[in-house]
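Visitor: Let's see this in three dimensions:
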Amino acid sequence: MRFFFLTCIYFNSVIFFAQSIQDGLGEKFNNLLLYDTAEVNRFNSLAYRYRNINSDSTFYYSTKALSEAIKLKYPLGIAQAYLTLGEYNFTNLNDSKKSFYYFNNAQILLKYLLQSQTITDSLKLKQKLADSFIGMGLNKQQFGEYKDALMLFNEALIIGNSIHDENIIAKSLNNFALIYNDLADRQRAIEYAFKSLKIKEKLNDNNSRAKTLSLISAIYGGTYDYDNSLKYALSSLSLMSSDSSSSKPHFISTTINVAIIYAIRNKFNLADLYFDKALKAINKYNIKSALPGYYNELGNFYAQQGKDTKAIECYLLALKFNENKKQTSNAFFNLGVIYFKQDNYNESLKNTLESLGITKSIGSDINKIKLRKKLIIQNYEKLNNPKKALEYSIDLINNLDSFASKSNIQNLEKIKAIYDFEKTVFLEKEKRKLNEATFKEQINAQKLIQNGLIVLTILLVIIFALITINYKNKANAKQQIVKNLEENHQSIVKNMLSEQELKSLQNIISGQEIERNRIAIELHDGIGGSLAGIKLKLTSLNENKNPNDIELKNVISNVDLVYQEIRSISHNLLPPQLTNKSYTVVINKLIDEYRTNSNIIINVDYLDSGALNQINQDLQVTLYRITQELLKNAISHSKCSLIEININNYKNNITLVFEDNGIGFNNNEKSFGIGLRNIQSRVNSINGSLIIDSKIGRGSAFYISVNI
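Guide: The predicted structure follows:
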């Protein structure tokens, strides 16, 4: 039904354009705004709002808007619907042909509207036109037409620079990075990606920042730098987790990428955890288009561990969703590999032949075709069919030169795409400079004539103005001095109050540490010592007078338990011994203690332990106390089986991410317990930020960030 509805809209729009051309575009569009377009704008607004939340709602409202806009002959409404449908087909259906069609039609309409004299809000139209160029460029990239993609992204960048729209500039730079990564020019890819990220950080757009962080992760992954790849992927997930409006397909793909990286690093428990997170997100947000890729990667994960039965189940599940031919081909080939490993050569041959047919039909890269042909030859050899094995071997040998030639042609085309693009951009810049120089010369000549005529008038006006300004300046100067004094006074008072508040909070925390230390010593040396003495006395009485007295033995045992509890409490109250030990060693010791005293799996990951061990001791103590409080709360209340801790110091920004898979709690409650209040106070004392993400039944996550 969805395809039928989309097809109807497609043909209606074609009829509309044909009719417009036949009757005369200008004549038809002159009366466009006479119609009631509010309903179309409402549908388009709803479609845009749901694009990262519910793809079905996006499709429904955008097609509804398109249908109504065509009836009303309302081109701006049509263009907006085309933009949304272009993004929907690209992101949710992986249908680049339909996506390009919608973006291209949007671009045609928007260019016409910009030339029309009846449209006054040209800024928004230019922003939408840039979006159409970006959408077309992304689809050209999918077709492998890299030069065209780069040119389209450059068109968007030119618009962004002309209207000083940093959002468009950032998106264009991000897409340059995307193309250069595809062309294996990692250096330029990473340069463009970080340029884009810098602008996005200034714009404070978490969703867009998260996408660029994921791209940076992918670029590092392409260079086998999995440490950096994981770091930026986790940063991307952290941003998306704190933003309910973030792109759900992007959240899912990044979660799967994190799982893959952990699998590569043989951290199978963490890989399994993130695969589970990805599947929950797919089901929650109903992103069915992500399932083939998910099941293929999960199957590879099981195959890596030698769990062939589970791997086969995953590949078969991937085949259920056959809209994505690329993933279908991968699933058949993966099944062929597994069955060959199990000596089931008939099934291996059947699945590999299916994969080869699909791979050829979608024009996949040459290496994939070679791999499939080699596996087919091996199967025929195992099945004692030398004739077929020889046939495919001859075909493979005969095509090796062709494969090499095609591979070289593809590489040359990629290099040529970059060269042609950069040459075109250079020529455009030079032409623009020449035009600007000619224009400036003409302007200067006109200015000389005009200046000669008005200079006398200006001199007279200046004399009169100077007299008036001099008088007003004296009066204004007095008022400004008073105003500046008042503002400076208020600013000084405000800064003093802010500094005093932070200093007061730090003093409270420092006082708490001193008091904890005093209480710990008194508990250990005072009450602990007394209990130890009582225990010795009772033991002596028991041995000398009545060694078989069970009640007395129970009393001695209870006194010993109280003594051990007092020692444990005093130990926890004492500050960590950081003077001669590195911060990470002390944290590891703390975590080992909690591991020993509970059945909970606790994983800790330092992404830059050297930088962490260099921060000042007061900050180390505070971070230690926060970690201690989080562990205590999780073990005491969350009923969890797994705790994940990530601590990082990157560019003088410390992040502490603490996650558990427990029962969670209501994050919307107005008040928290003593433990959470203590954590918030300690975060405030180091001028940091705390984000708590928890729901009942889903577990808890704490994101702490401190700039030093």
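Visitor: For the helix or strand that contains Phe90, which helices and strands make contact with it?
Guide: Under the criterion of DSSP states H and E, Phe90 resides in helix 75-91. Judged by 3 or more C-beta pairs under 8 Å, 6 or more residues apart in numbering; DSSP states H and E, helix 75-91 is in contact with helix 2-23, helix 38-49, helix 55-72, helix 96-115, helix 122-142. Backbone N, C-alpha and C define where each C-beta goes, glycine included.
Visitor: For the closest residue in space to Leu85 that isn't next to it in sequence, grab the count of nearby residues.
Guide: Closest residue to Leu85 apart from its sequence neighbours, by C-beta to C-beta, 6 or more residues apart in numbering: Tyr102 at 4.6 Å. As a burial measure, Tyr102 scores 30 neighbours (other C-beta atoms under 10 Å).
Visitor: quick one: low-confidence parts of the stretch 601-708 of the chain?
Guide: The model of the stretch 601-708 of the chain has pLDDT under 70 over residues 669-672.
Visitor: wait, the residue nearest to Leu85 sits on Ala79?
Guide: No - applying C-beta atoms under 8 Å, one finds Tyr102 not in contact with Ala79, separated by 9.8 Å.
Visitor: Break down the stretch 551-700 of the chain into its strands, ranges please.
Guide: With strands called from DSSP state E, counting those that start in this stretch, the stretch 551-700 of the chain shows them at 601-606, 642-650, 653-660, 689-695, 699-707.
Visitor: Out of the ones you listed, which is closest to Arg51?
Guide: Among the strands of the stretch 551-700 of the chain, the nearest to Arg51 by C-beta to C-beta is strand 689-695 (22.7 Å).
Visitor: name the helices or strands packed onto that closest one?
Guide: Partner elements for strand 689-695 (3+ C-beta pairs under 8 Å, 6+ apart): helix 674-685, strand 699-707.
Visitor: got the angle for it vs strand 699-707?
Guide: Here strand 689-695 runs at an angle of 170 degrees relative to strand 699-707 (axes from the mean of the first three to the mean of the last three C-alpha atoms, to 10 degrees).
Visitor: which other residues reach strand 689-695?
Guide: Residues from elsewhere that reach strand 689-695 (C-beta atoms under 8 Å, 6 or more residues apart in numbering): 241-242, 664-667, 676, 679-680, 683, 700-706.
Visitor: Disregarding flanking residues, what is the spatial nearest neighbour of Ile216?
Guide: Tyr232 (4.5 Å).
Visitor: That should have said Lys325, apologies.
Guide: Spatial nearest neighbour of Lys325, chain neighbours left out: Ile362 (5.0 Å); criterion: C-beta to C-beta, 6+ apart.
Visitor: how near is that neighbour to Asn330?
Guide: For Ile362, the distance to Asn330 equals 11 Å [C-beta to C-beta, to the nearest Å].
Visitor: Same check on Gly699?
Guide: Computed as C-beta to C-beta, the Gly699 to Asn330 distance reads 32 Å.
Visitor: If you count surrounding residues, which of those two has more?
Guide: Using other C-beta under 10 Å as the criterion, Gly699 and Asn330 rank with Asn330 on top: 24 against 21.
Visitor: can you confirm the more buried one is in a strand?
Guide: No - under DSSP: H, G, I helix; E, B strand; the rest coil, Asn330 sits outside any strand and is assigned helix.
Visitor: Surely it touches Asn296?
Guide: Yes - distance between Asn330 and Asn296: 5.1 Å, which falls inside the contact criterion (C-beta under 8 Å).
Visitor: Give the residues shared as contacts by these two.
Guide: Common neighbours of Asn330 and Asn296 (C-beta under 8 Å, 6+ apart) are Ala318.
Visitor: Which of the helices and strands packed on helix 75-91 sits closest to Gln342?
Guide: Comparing the helices and strands packed on helix 75-91 by C-beta to C-beta, helix 122-142 comes nearest, at 35.4 Å.
Visitor: Give the other helices and strands that the closest one contacts.
Guide: Using 3+ C-beta pairs under 8 Å, 6+ apart, helix 122-142 is in contact with helix 75-91, helix 96-115, helix 146-162, helix 166-182.
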